[in-house]
Every structure is written in C-alpha cells, then in structure tokens.
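Participant: After the sequence you'll find the predicted model.
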Amino acid sequence: DAKTTQPTSMDCAEGRAANLPCNHSTISGNEYVYWYRQIHSQGPQYIIHGLKNNETNEMASLIITEDRKSSTLILPHATLRDTAVYYCIGAGGTSYGKLTFGQGTILTVHP
Amino acid sequence: DAGVTQSPTHLIKTRGQQVTLRCSPKSGHDTVSWYQQALGQGPQFIFQYYEEEERQRGNFPDRFSGHQFPNYSSELNVNALLLGDSALYLCASSLFGAEAFFGQGTRLTVV
C-alpha cells in the first residue's frame, strides 16, 4: 500500500474552499487515491476516489497531479459540519479494498 | 437502505474474557472488513472476509478471529482480552473491493 503524507491540521473559514493536500509518491500504477473523513466518534465516510483523472462528485473534487505523486481534495464551500479528520489513502490493485489509514488531517472550519 | 449496522454499540468486558462483535453489511455488498481504532489514531486493518473466507489479514494476533455467514454478515471474535484491546471496532462493507461503507462502530472497553 502506498504511504501517504498529510499535514496534521488545517483551518478554513466557513463558506470558503478547503484545499487538503496529500503526498503519495510511492503509489503504484494500479492503486487509486481514496479520501475518507471521520467526524468525531463516527465511522469513516467515503468522499471520493480517483486513479489519474480529476474527479468531482456532490461532496468534493479531487485533483491528482500528472505524475500521481500528490493530490488535493477540495471542499468548495466548507461548512461547520465539514470539521473532521480527513484521510488520504492509496488502495486498490491487489489490496482488494484494504484501507491503510494514516494520521490524517484535522480540518477545523471556523464561523 | 440501513447501511452497515454493528452491534452492540458499547461493551464493557473484563481482562481475559472473550467478546463477539457483529456486523451486517450494506445491502448488496459481499465483502466485510474489520478495523480497530485506538483513541487518537487512525483505524487499523484487522482482516477482510469474502465468500465466507478470510482473504486478507493485518498485523493482529490469532486472538482476533472472524467469520462471515452466507448472508454476508460477519462476526469478530477476540479471545483473552487485554486492556490494550480497548478501542472502537469498525466494520466496513464493499462490493468487489470498491469504496467501503463503514458502520458506526462498537466501543469496547476492557477493565
């Protein structure tokens, strides 16, 4: 599984875009980049995933660099309810969906 | 759709005892994974079940065992409980190793 590196914490003002970076320089060609978040005391929630191309869904956008060594999760209009720990994970290929969580980024959205 | 359901939500056990945790996957999902999350840490992969067999296992001792039933539900068993086994135990279900959906977890306290 790819090792990922994320900042420990980030702040964002409510209504502004939150841009969460992730480095995954060891990701292999058949591994996807997954993003999950965990709100205090709840189970992790799937946000988005991608392989090479940028992806967008109703929750967020995922921008993956051309060399696939890093990515950015974008929450376009952060709300207080987006305050959570965000995990970037490289998974797929032969891992059959096994997720290796790191420490993640604590995102705090301020009023 | 009830999503992933886990029972019980909270549990207190004594050192040396055995515990069984249960998980019902999201409708249509065939793969169940179990994770342990200690306080302040990211979830750690315990094992994954597919077609009633353990397909992958993380770095956990044999005291941790599991089972998957024909209806895809699953159990996690932990024998000879240690104080260090106190954690949030998360179940995740998926289809063909795609994005995982997590339950709310079982909070196990060993005293």
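Facilitator: That came through fine.

Participant: Stretch B:99-111 and chain A in contact?
Facilitator: Yes. Stretch B:99-111 reaches chain A (CB under 8 Å from any CB of the partner chain) through B:99-105. In short, each C-beta sits where N, CA and C put it, glycine included.

Participant: Among those, which one has the most neighbours?
Facilitator: In terms of neighbours by other CB atoms under 10 Å in any protein chain shown, the residues of stretch B:99-111 next to chain A top out with B:Ala100 at 28 neighbours.

Participant: State the distance from that residue to A:Leu20.
Facilitator: According to CB to CB, to the nearest Å, B:Ala100 stands 20 Å off from A:Leu20.

Participant: The spatially closest residue to B:Ala38 that is not a sequence neighbour: neighbouring residues, count only.
Facilitator: Spatial nearest neighbour of B:Ala38, chain neighbours left out: B:Ala87 (4.8 Å); criterion: CB to CB, 6 or more residues apart in numbering or on different chains. The tally of other residues near B:Ala87 (other CB under 10 Å) stands at 20.

Participant: need the contact list for B:Ala87.
Facilitator: Contact partners of B:Ala87, counting by CB atoms under 8 Å, 6 or more residues apart in numbering or on different chains, are B:36-39, B:108.

Participant: Quick check, pLDDT for it.
Facilitator: B:Ala87 is assigned 97 on the pLDDT scale.

Participant: tell me the mean pLDDT over stretch B:35-46?
Facilitator: Average pLDDT, stretch B:35-46: 94.

Participant: What is the end-to-end distance of that stretch?
Facilitator: 5 Å (CA to CA, to the nearest Å).
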